[in-house]
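> Take a look and give me a structure for this.
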Amino acid sequence: MDLFFILARVIFVIVTTFVFAVSLLTYKRLRNKKTLLLTVGFGLFFVHGLISIPEIYNQAYNLGFTDSLHLLIDAVAILFILLGVLQD
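Have a look, this model is predicted:
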């Protein structure tokens, strides 16, 4: 794996950790459906990032994730975020 790919994954996890933490704190403060949907969406991105970290250290460790499954997880997370944004 090249250095750019490793750096991009680490930055992705750091950014999603920050965004998920902020959205979780916002949900705890407001406790409405809109922030819950946003928090679930960002939480999925965060968990997806954490699951993909071990692949950096060991190529054999991939939990059987295919590219299609990675895209499905991202699509579900984006769907939750979209539902949260469109919520009244």
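
> which residues does residue 85 contact?
Residues near residue 85 by C-beta atoms under 8 Å, 6 or more residues apart in numbering: 34, 38. To be clear about C-beta, it is placed using only N, CA and C from the backbone, and glycine gets the same treatment.

> going forward can the numbers begin at 55, since that is how I track them
Will do, 55 is the new start, and the previous item becomes residue 139.

> That one sits in which helix or strand?
Under the criterion of DSSP states H and E, residue 139 resides in helix 121-140.

> Return the set of buried residues in that helix.
Going by neighbour count (16 or more other C-beta atoms under 10 Å), the buried part of helix 121-140 is 127, 131, 134, 135, 137, 138.

> Distance to residue 68 and pLDDT added to those, as JSON lines?
Listed next are the buried residues of helix 121-140 as JSON lines, based on distance: C-beta to C-beta, whole Å; pLDDT from 0 to 100:
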{"residue": "127", "distance to residue 68": "19", "pLDDT": "94"}
{"residue": "131", "distance to residue 68": "17", "pLDDT": "97"}
{"residue": "134", "distance to residue 68": "21", "pLDDT": "98"}
{"residue": "135", "distance to residue 68": "19", "pLDDT": "97"}
{"residue": "137", "distance to residue 68": "26", "pLDDT": "97"}
{"residue": "138", "distance to residue 68": "22", "pLDDT": "96"}
